[in-house]
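# Fold the following and give me the result.
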Amino acid sequence: MSTATASPAGVSTVEAVIAARKAAGSGALVGYLPVGFPDLRTSIEAAVALAENGVDVIELGLPYSDPVMDGPVIQAATLTAINSGFKLRHGFEAIAEITARTNVPVLLMTYWNPVVQYGVERFADDLVAAGGAGLITPDLIPDEARDWLAASSRTGLDRVFLAAPSSTETRLEQAVERSRGFVYAVSTMGITGARSDVDVAAKTLVARLRAAGATSTCVGLGISSPEQVREVIQYADGAIVGSALVKALADGGVSAVAATAAHLATGTLS
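Residues are numbered from 1 along each chain as shown. Sure, this is the predicted structure:
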């Protein structure tokens, strides 16, 4: 049975995994896939394949009808999931099966409106029951997150807030103070999507977060090769890959996701 569950005792499984990778002289690889794409069963198998091929933390995206911060590859995938009948309860079902089959912690990435509609306390309780480690909330800023801060503190769930190059020092300090697991450093302005070069702004942003007290920072948006993973973990604690994995799943199914994850994971090897 998985140990990748929230801990009211104050031990973040996500932060522990990242710290272990750092102690080993490397950094963590965080892999994103949308739950329900291309269908629920395949998305579960794809997530398990990530865990079996070098991904240290799974970021499972909850499909949303207005994914304004996502690039075209992820938008298309999430809309496919919704059009195929995805319901929020399917997300909890998927997490329960994934965490029963692997000890890799699973964070749910979700826009805030579905959590509010479901009920913040109920959402937190059901996420814990499913074995989830916490939430990444891209459109929720720390100073508007009172209900989530309370629910996550009560249940021991991780809460991952975003920081961008445009963030003020005050906003960075809030993200550092109130995040649990890691701070998600957005390496470019705008939407997600693989790029040929990792933005140099990411390095500056991570340095600013370190100055604000961050001990666990992962960089996302646009990382698509082992070389970029290696570059990022030289100055950050982890690299987050999304669009490249989603495209692999769309083009070649679970086997392609497994191969892509294994290839990306070579970037974490010293």
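# all strands for the chain, in order.
Remark: strands assigned in the chain by DSSP state E are 28-34, 57-61, 106-109, 134-136, 158-160, 162-163, 183-186, 217-220, 238-241.
# and of those strands, who's closest to Ala19?
For Ala19, the closest of those is strand 28-34, at 9.1 Å, according to C-beta to C-beta. In this view, the C-beta of every residue, glycine as well, is placed from N, C-alpha and C.
# Neighbouring strands of the closest one in the sheet, and parallel or not?
Note on strand 28-34: by DSSP bridges, its sheet partners are strand 57-61 (parallel), strand 238-241 (parallel).
# Could you pull up the contacting residues of Val104?
The contact partners of Val104, by C-beta atoms under 8 Å, 6 or more residues apart in numbering, come to 4, 17, 50-51, 55-58.
# Of the strands of the chain, which is nearest Gly119?
strand 134-136 (14.0 Å).
# So what's the gap between stretch 48-67 and the chain middle?
Chain-centre distance of stretch 48-67: 7 Å, with C-alpha atoms, centre = their mean, to the nearest Å.
# Likewise for stretch 110-119?
17 Å.
# Which positions within it qualify as buried?
By neighbour count on 16 or more other C-beta atoms under 10 Å, the buried set for stretch 110-119 is 110-112, 115.
# Turn the strands of the chain into JSON lines, columns for mean neighbour count, mean pLDDT and distance to Leu249.
Below are those laid out as JSON lines (neighbours: other C-beta atoms under 10 Å; pLDDT from 0 to 100; distance: least, C-beta to C-beta, whole Å):
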{"stretch": "strand 28-34", "mean neighbour count": "29", "mean pLDDT": "97", "distance to Leu249": "7"}
{"stretch": "strand 57-61", "mean neighbour count": "27", "mean pLDDT": "97", "distance to Leu249": "12"}
{"stretch": "strand 106-109", "mean neighbour count": "27", "mean pLDDT": "97", "distance to Leu249": "16"}
{"stretch": "strand 134-136", "mean neighbour count": "26", "mean pLDDT": "98", "distance to Leu249": "19"}
{"stretch": "strand 158-160", "mean neighbour count": "24", "mean pLDDT": "98", "distance to Leu249": "23"}
{"stretch": "strand 162-163", "mean neighbour count": "24", "mean pLDDT": "96", "distance to Leu249": "24"}
{"stretch": "strand 183-186", "mean neighbour count": "28", "mean pLDDT": "95", "distance to Leu249": "22"}
{"stretch": "strand 217-220", "mean neighbour count": "28", "mean pLDDT": "95", "distance to Leu249": "18"}
{"stretch": "strand 238-241", "mean neighbour count": "28", "mean pLDDT": "96", "distance to Leu249": "12"}
